[in-house]
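Participant: any chance you could fold what I've pasted below:
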Amino acid sequence: MRKLYFLLPGTTQKFGSGGLWAELKLAELARQFCEAEIVTYRQRESDRPFLEDVLATEDLAHCTFVASWGFDVKRLVARLKHCNVVYHAHSSGYGFNLPVAVPIVAASRNTMGYWGQKSPHSPIFYLPNAIGQEFCDRHQARDIDVLVQTRKTSSYVLEQLVPALSQFCRVELLDRYVEDLAGLFNRARIYVYDSAEYWAASGVTEGFGLPPMEAMACGCWVFSSVNSALADYLDPGFNCEKIAVYSLDCDLRRIQAALQGRRSQVDAAFFEDYRAEAVAKKLGAILVEIDAFFDYRTGDRLPQLTRWRLGQLWWQQKWGKLRRKIGR
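Facilitator: Modelled structure (predicted):
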């Protein structure tokens, strides 16, 4: 199997994000099946190869580059047009198109659906992010009533909901790096996450949304938005509640009810498909498929859904409807 080079702009705190941690974890899982290495392309780092150096020295037929940093993917794919390239797609909505020769591995069904429509002739696979085994219910006393995620959270939650909740329960803000995040989740009864406003303003989508799933696995009852990738696994009224419903009063009433009652926890079996062992097994099968695709690409390529092609299809549909109408 070809060696995998996972492309990242850099790996220092400057580039810290959920996408970075997910890519580092994926590279770690990939090493179970083939050689895999992190390569940086913006920032040179002493302990990692730099992309331009790799391109100058590597036998490019025997390696595959994995691009994932949404805003850089278009440029990277163009730079590597003569190489084997895979797009590991987290968020969607960046606006670029991909050649059909670039397989797409989507981190959510939401993103898979986006590319299934936008690039219907590309190889497309679904591979969720993995949650660590440390995210589990430790069955300990919970001294935090409501834990609120501040990063990417709506102004409504921070400016209206939090002050109102603080009048009748203990609220703690998750606004810093926490070494033992699973431990913090195990101290909280309710976890609030509301990213819809943030992603709408950004113009792209939630790529996976690990925090609500990790909180659920730790026994928290989650109040969350259900935008984009969060809709993959959140089911309001059954394994969570939707946040920001109609009015502040509505949210306060439902959060109070959840604090006063005992909600049944989400069954541990629910998380099995997102644990590292299951994700790694799926990754191995996907890598075999992708490697075979790069070996046996033959024949004329199917037409991409370019603007010209879409316009052509639109006129064909209109003309077909008109002909049927005239023929009646």
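
Participant: what's the burial count for Phe50?
Facilitator: Applying the criterion other C-beta atoms under 10 Å, we find 15 residues in the vicinity of Phe50. Backbone N, C-alpha and C define where each C-beta goes, glycine included.

Participant: so it sits against Tyr41, correct?
Facilitator: Yes: assessed by C-beta atoms under 8 Å, Phe50 is found in contact with Tyr41 at 7.1 Å.

Participant: doesn't Phe208 belong to a helix?
Facilitator: No: the assignment for Phe208 by DSSP: H, G, I helix; E, B strand; the rest coil gives coil, which leaves it out of any helix.

Participant: what are the ranges of the helices in the stretch 51-200 of the chain?
Facilitator: Listed in chain order, the helices of the stretch 51-200 of the chain (DSSP state H, counting those that start in this stretch) span residues 51-57, 70-79, 109-118, 155-156, 162-165, 181-185, 196-202.

Participant: show me what the nearest residue to Lys242 once chain neighbours are set aside is bridged to.
Facilitator: On the basis of C-beta to C-beta, 6 or more residues apart in numbering, the spatially nearest residue to Lys242 that is not a chain neighbour turns out to be Pro236, at 4.3 Å. Residues found in beta-bridge contact with Pro236 (criterion: DSSP bridges) are Cys240.

Participant: report how many residues lie close to Pro236.
Facilitator: The local packing count at Pro236 equals 15, with neighbours defined by other C-beta under 10 Å.

Participant: going forward, the N-terminal residue is numbered 718.
Facilitator: Understood, numbering begins at 718; the last thing we discussed is Pro953.

Participant: gap between it and Ile960?
Facilitator: Using C-beta to C-beta, to the nearest Å, one obtains 9 Å as the distance from Pro953 to Ile960.

Participant: can you check Pro837 too?
Facilitator: In this view, Pro837 and Ile960 are 35 Å apart by C-beta to C-beta.

Participant: higher neighbour count, those two?
Facilitator: Neighbours of Pro837 and Ile960, each counted by other C-beta under 10 Å, are more numerous for Ile960; the result is 25 against 13.

Participant: tell me the secondary structure at the closest residue to that one other than its chain neighbours.
Facilitator: If you skip the residues right next to it in sequence, Ile960 has Phe940 as its closest partner in space, 4.3 Å away by C-beta to C-beta, 6+ apart. For Phe940, the reduced secondary structure class is strand; criterion used: three-state DSSP.

Participant: what is Phe940 paired to in the beta sheet?
Facilitator: On the basis of DSSP bridges, Phe940 is bridged to Val909, Glu958.

Participant: who's in contact with it?
Facilitator: With contact taken as C-beta atoms under 8 Å, 6 or more residues apart in numbering, Phe940 is in contact with Ile907, Tyr908, Val909, Tyr910, Cys957, Glu958, Lys959, Ile960, Asp968, Arg971, Ile972, Ala975.

Participant: which of the residues you listed has the most neighbours?
Facilitator: Within these, neighbour counts (other C-beta under 10 Å) peak at Val909, which reaches 31 neighbours.

Participant: so it touches Tyr873, yeah?
Facilitator: No: taking C-beta under 8 Å as the contact criterion, Val909 and Tyr873 are not neighbours in contact, 10.9 Å apart.

Participant: okay, and Ser763 sits in which element?
Facilitator: Using DSSP states H and E, Ser763 sits within no helix or strand.

Participant: just the C-alpha atoms of the one helix or strand in the chain whose mean pLDDT sits lowest, please, in PDB.
Facilitator: Within the chain, no helix or strand scores below helix 1024-1043, which has a mean of 80 by mean pLDDT, DSSP states H and E. Once side chains and other backbone atoms are set aside, the C-alpha atoms of helix 1024-1043 remain, and they are given as PDB (Å, rounded to 0.1, in the frame of the first residue of the first chain):
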ATOM      1  CA  ARG A1024     -21.700  25.300 -14.300                       C
ATOM      2  CA  TRP A1025     -21.800  24.800 -18.000                       C
ATOM      3  CA  ARG A1026     -22.900  21.100 -17.600                       C
ATOM      4  CA  LEU A1027     -25.600  22.100 -15.000                       C
ATOM      5  CA  GLY A1028     -26.800  24.800 -17.400                       C
ATOM      6  CA  GLN A1029     -27.000  22.200 -20.200                       C
ATOM      7  CA  LEU A1030     -28.900  19.800 -18.000                       C
ATOM      8  CA  TRP A1031     -31.400  22.600 -16.900                       C
ATOM      9  CA  TRP A1032     -32.200  23.400 -20.600                       C
ATOM     10  CA  GLN A1033     -32.600  19.700 -21.400                       C
ATOM     11  CA  GLN A1034     -35.100  19.300 -18.600                       C
ATOM     12  CA  LYS A1035     -37.000  22.500 -19.600                       C
ATOM     13  CA  TRP A1036     -37.000  21.400 -23.300                       C
ATOM     14  CA  GLY A1037     -38.200  17.900 -22.400                       C
ATOM     15  CA  LYS A1038     -41.100  19.300 -20.300                       C
ATOM     16  CA  LEU A1039     -42.100  21.700 -23.100                       C
ATOM     17  CA  ARG A1040     -42.000  18.900 -25.700                       C
ATOM     18  CA  ARG A1041     -44.200  16.700 -23.500                       C
ATOM     19  CA  LYS A1042     -46.600  19.500 -23.000                       C
ATOM     20  CA  ILE A1043     -46.800  20.300 -26.800                       C
END
